[in-house]
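A.B. asks: Okay, predicted coordinates and the sequence, questions at the end:
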Amino acid sequence: MSDGQVLAAHRAAFRAARRRGLPREDCLEIAQEVAARALLVAGGVGPAWGTTAAWGVLVDRWRHVRVEAAGRPRAARAAAQGAGVLEDLVAAEDVAGRAELVARVPEALGDLPPAPRAVLELELLGLGRIQAAERLGITPEAARMRAHRGRRILERLLG
């Protein structure tokens, strides 16, 4: 892999994180993690991979916070950090609006149809799409489509 490909992935990840309104320091951390992941990939990577990897890093961080909040004595602190990460990811006009929107996400998940909700819940628990598909007895493509449909419905519900 060339240095140019790693830099392209770094730039794409930084831009993707900034578009989501994250602070510059967080964007740089995410971009550095994406660049490190790019170095581990055997084949070449491009800007699209960098954007996708940036989203993966954000989701990984959110999952880590949820796991800590569920089973550790530091749950309150971890939950507060998780809420901060989620608030940064949600596109809303003001802080109060973002906090309200973040608080509505778990309820909105409950309003999803069973098929897309099952896939999204497994993904939030850290399973990959293939593992989620195997657990649900569906194809990976069906899992991808259900997750996409679930995200679209969530977007409308949280509108």
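C.D. replies: The structure has been received and is ready for your questions.
A.B. asks: which secondary structure element contains the closest residue to residue 136 other than its chain neighbours?
C.D. replies: Spatial nearest neighbour of residue 136, excluding adjacent residues (CB to CB, 6 or more residues apart in numbering): residue 118 at 5.9 Å. (Glycine included, C-beta is placed from N, CA and C.) Element membership of residue 118, judged by DSSP states H and E, is helix 114-124.
A.B. asks: tell me the SS of residue 133?
C.D. replies: Following DSSP: H, G, I helix; E, B strand; the rest coil, residue 133 is assigned to helix.
A.B. asks: Now do the nearest residue to it once chain neighbours are set aside against residue 131, distance only.
C.D. replies: In space, and not counting its chain neighbours, residue 133 is closest to residue 143: 3.9 Å by CB to CB, 6+ apart. As for residue 143, its distance to residue 131 is 9 Å (criterion: CB to CB, to the nearest Å).
A.B. asks: Next: residue 145.
C.D. replies: The value you get for residue 145 to residue 131, if CB to CB is used, is 17 Å.
A.B. asks: And for residue 26?
C.D. replies: The gap separating residue 26 from residue 131 is 28 Å, by CB to CB.
A.B. asks: ok, now residue 124?
C.D. replies: For residue 124, the distance to residue 131 (CB to CB) stands at 13 Å.
A.B. asks: Does residue 22 belong to a helix, a strand or coil?
C.D. replies: coil.
A.B. asks: Residue 11: neighbour count?
C.D. replies: When neighbours are defined as other CB atoms under 10 Å, residue 11 has 15 of them.
A.B. asks: confidence score at it?
C.D. replies: Reported pLDDT at residue 11 in the predicted model: 82.
A.B. asks: tell me which element it falls in.
C.D. replies: Per DSSP H and E: residue 11 is located in helix 3-19.
A.B. asks: what does residue 104 give?
C.D. replies: Here residue 104, judged by DSSP H and E, is contained in helix 95-110.
A.B. asks: sorry, back to before: need the pLDDT of the residue nearest to residue 136.
C.D. replies: Model confidence at residue 118 (pLDDT) stands at 90.
A.B. asks: ok now do residue 7, which residues does it touch?
C.D. replies: Listed by CB atoms under 8 Å, 6 or more residues apart in numbering, the contact partners of residue 7 are residue 35.
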